[in-house]
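A.B. asks: Using only what follows, build the 3D model:
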Amino acid sequence: MSPRPRIALLLGVVSLGAFVVGAWPSEDEPASPPPTLPFDASALAKEVPDAAPPPVLAAPVFTDGYCAKGGSFTTALVFEKVKEPLDGGITWNVRSIVARAGDPQKPPPFLSPRDRVEPWVEQALLARTALFRRHSEEHLAALRRAFALAPTEPGIGLELAMETLEEPDLDEAIAGLTAASAAFPFAELMRRRARLELARDLQRTYQRETRNGVTLLWPPESVTPYQGKLILWELDRSLDRAAALTGTPRRGPLTAVVYPSRSELLAVTCAPTWAGGSYDGILRLVARPGPEGVDVRAAQHETLHAQLEGRLIPTWFDEGLAQSFSAEKPRLKEWDLMVRNRTWIPFASLQQGFSAFEGSADASLAYAQSFAMVELMRECGGDAAIAQAVLSFGRLHETPSVLGEACRRPEVTGEELLGFLSRKLARRDGN
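C.D. replies: You can find the predicted model right below:
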């Protein structure tokens with residue numbers, strides 16, 4: 001659900017919530033050097049014996065709704081069960097790996113020559129070592145070898161799924177989730193697998209093209225090859241712009257899909273019914289009549305979310321900046337209500353996220369105020385204020401102090417935000 005670079009923790013805690021990052025409505029600190037490992041893992045990278053044909057796994061069926069709410073989970077719940085012997089014969093080595101779940105600072109366990117290690121466990125350890133050394137390609141390759149040797153191991157299957165959920169081809173992720181859900185039938189695991197299967201089936205006939213790490217899939221009956229190239233060019237250009245604005249390195253590979261209508265988008269994401277685009281690890285758009293083939297502002301909006309994925313930033317900043325970046329229409333109705341009623345959401349409340357506002361009348365206000373706060377930052381400090389805010393939030397600064405930094409003062413109050421909106425509305429009325 002890294003472009004960051006993407007590092008998923010082997011047998012770690014990773015969220016599989018359905019729709020988390022964003023939806024379109026109708027200077028970094030230097031990385032520390034990789035730590036030194038206590039043993040040479042190259043001995044584990046030996047030739048892998050041929051794997052037996054994978055068994056046929058029964059896919060459990062969820063019974064609480066395709067898009068049930070409140071069903072998100074983290075794989076910590078799964079791995080608490082993986083710690084228990086599945087058949088009474090689980091080896092110490094596997095338990096040792098799992099015991100390190102969620103802690104990337106601990107190296108893999110040392111293996112003495114006396115240890116009896118199954119081939120798939122060796123590959124799991126090699127994957128762990130590659131992850132520890134931040135070698136993402138080696139990590140994925142070792143996971144694939146481990147899964148080929150042990151296609152029913154739920155932990156390996158789940159980790160492989162997490163590593164391939166954002167790929168253009170979804171068969172590996174589906175196989176991994178099938179193995180995990182066969183052993184641990186969590187409803188959200190099964191719902192996620194069902195959505196992946198639907199996405200895979202929809203995309204079978206889609207055309208595909210890649211440019212600078214961005215892979216775009218589109219339905220040929222809704223988007224022409226020329227439009228596909230235009231969309232791909234726009235996404236590529238928008239990633240460059242988003243990286244420059246936020247002062248972050250351009251993210252790594254990105255998969256984008258255009259669907260023929262909103263129905264397909266909603267079916268594969270369980271996004272809100274008003275969504276006309278989304279980003280949940282894959283950038284998803286809807287085809288529309290016209291020369292561009294899609295809503296260009298929606299493409300830009302979701303590209304900003306994709307560029308900032310994995311950053312420690314509050315939801316209000318992510319959503320407000322996406323609206324500003326894509327030059328959306330000002331939210332005049334909400335801004336006018338804020339000014340006339342002298343009302344705003346306390347900045348500290350926005351820092352906690354949007355969950356308290358979803359489904360209420362305040363949701364629209366939260367999005368509108370987020371847009372206004374980013375516009376205020378850009379007026380105060382220019383585009384440089386945005387890159388500074390990304391850096392400050394990454395250092396765990398709170399919203400009030402980040403706003404103050406942008407406007408070069410100790411504090412920005414709600415009254416000052418309303419004053420900014422009053423001037424903005426007056427200038428617009430004067431035109």
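
A.B. asks: so the closest residue to V296 other than its chain neighbours is in which element?
C.D. replies: The shortest distance from V296 to any residue other than its chain neighbours is 6.1 Å, reached at E234 (C-beta to C-beta, 6 or more residues apart in numbering). Glycine gets a C-beta too; all of them are placed from N, C-alpha and C. Assigned by DSSP states H and E, E234 belongs to helix 225-246.

A.B. asks: Residues contacting whichever helix or strand comes after that helix, please?
C.D. replies: On the C-terminal side of helix 225-246, the closest following helix or strand by DSSP H and E is strand 254-259. The contact list for strand 254-259 (C-beta atoms under 8 Å, 6 or more residues apart in numbering) reads 3, 166-168, 199, 202-203, 206, 213-219, 222-223, 228, 231-232, 235, 239, 265, 268, 282-287, 293-294, 306.

A.B. asks: Please narrow those residues to those residing in strands.
C.D. replies: Residues of these located in strands (DSSP state E): V214, T215, L216, L217, W218, L283, R284, L285, V286.

A.B. asks: For the residue nearest to L165 when sequence neighbours are not counted, give me its contacts.
C.D. replies: Spatial nearest neighbour of L165, excluding adjacent residues (C-beta to C-beta, 6+ apart): A173 at 4.9 Å. By C-beta under 8 Å, 6+ apart, the contact set of A173 is L160, A161, T164, L165, E167, L196.

A.B. asks: Which pLDDT value goes with A173?
C.D. replies: At A173, the pLDDT value in this model is 96.

A.B. asks: Would you quantify the distance from E328 to P185?
C.D. replies: According to C-beta to C-beta, to the nearest Å, E328 stands 42 Å off from P185.

A.B. asks: Measure how far stretch 190-198 is from the centre of its chain, please.
C.D. replies: Centroid separation between stretch 190-198 and its chain, computed with C-alpha atoms, centre = their mean, to the nearest Å, is 17 Å.

A.B. asks: Dump the C-alpha coordinates for it into CSV.
C.D. replies: This file holds the C-alpha atoms of stretch 190-198, laid out as CSV (Å, rounded to 0.1, in the frame of the first residue of the first chain):
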residue,chain,number,x,y,z
MET,A,190,-10.8,-12.3,2.3
ARG,A,191,-12.4,-9.1,1.3
ARG,A,192,-9.1,-7.7,0.1
ARG,A,193,-8.4,-10.9,-1.9
ALA,A,194,-11.9,-10.7,-3.5
ARG,A,195,-11.2,-7.1,-4.6
LEU,A,196,-7.9,-8.0,-6.0
GLU,A,197,-9.4,-10.9,-8.0
LEU,A,198,-12.0,-8.5,-9.4
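
A.B. asks: Pull out the buried positions in that stretch.
C.D. replies: M190, R191, R192, R193, A194, R195, L196, E197 (16 or more other C-beta atoms under 10 Å).

A.B. asks: ok, now stretch 265-280?
C.D. replies: Neighbour-count burial for stretch 265-280 flags 265-271, 275-280 (criterion: 16+ other C-beta under 10 Å).

A.B. asks: want to try TSV for those, with distance to E138 as columns?
C.D. replies: As requested, the buried residues of stretch 265-280 are exported to TSV (distance: C-beta to C-beta, whole Å):
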residue	distance to E138
L265	35
L266	37
A267	36
V268	31
T269	31
C270	34
A271	34
A275	37
G276	39
G277	34
S278	31
Y279	28
D280	27
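
A.B. asks: which two of those lie the greatest distance from each other?
C.D. replies: Farthest-apart pair in the buried residues of stretch 265-280 is A267 and Y279; separation 16.7 Å (C-beta to C-beta).

A.B. asks: now F325: how far from V374?
C.D. replies: 9 Å.

A.B. asks: ditto for L425
C.D. replies: Separation of L425 from V374 (C-beta to C-beta) stands at 17 Å.

A.B. asks: Start and end of stretch 203-214, how far apart?
C.D. replies: Criterion C-alpha to C-alpha, to the nearest Å; first-to-last residue distance in stretch 203-214 is 16 Å.

A.B. asks: Got the domain ranges for the protein?
C.D. replies: What automatic domain parsing lists as the domains of the chain is 22-199, 207-307, 315-430.

A.B. asks: Low-confidence stretches in this protein?
C.D. replies: Applying pLDDT under 70 to the chain picks out residues 1-66, 68-117, 355-361, 429-431.

A.B. asks: Strands of that one, residue ranges please.
C.D. replies: 22-25, 207-211, 214-218, 254-259, 275-279, 283-286.

A.B. asks: Of these, give the one that comes closest to P119.
C.D. replies: strand 254-259 (31.4 Å).

A.B. asks: What strands flank the closest one, and is each parallel or antiparallel?
C.D. replies: strand 214-218 (parallel), strand 283-286 (parallel) (DSSP bridges).

A.B. asks: Check the offset of the first one from the chain's centre.
C.D. replies: Spelled out, that is strand 214-218. Per C-alpha atoms, centre = their mean, the centroid offset for strand 214-218 relative to its chain is 17 Å.

A.B. asks: residues making contact with it?
C.D. replies: Contacts of strand 214-218 (C-beta under 8 Å, 6+ apart): 168, 203, 206-210, 227-228, 231-232, 235-236, 239, 253-258, 287, 293.

A.B. asks: Next, the angle from that strand to helix 225-246.
C.D. replies: 140 degrees (axes from the mean of the first three to the mean of the last three C-alpha atoms, to 10 degrees).

A.B. asks: Let's have the strands paired with strand 254-259 in TSV, adding mean neighbour count and distance to G404.
C.D. replies: Formatted as TSV, the strands paired with strand 254-259 follow (neighbours: other C-beta atoms under 10 Å; distance: least, C-beta to C-beta, whole Å):
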stretch	mean neighbour count	distance to G404
strand 214-218	24	37
strand 283-286	26	33
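
A.B. asks: Just put these in CSV and tack on distance to F347.
C.D. replies: As requested, the strands paired with strand 254-259 are arranged in CSV below (distance: least, C-beta to C-beta, whole Å):
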stretch, distance to F347
strand 214-218, 35
strand 283-286, 29
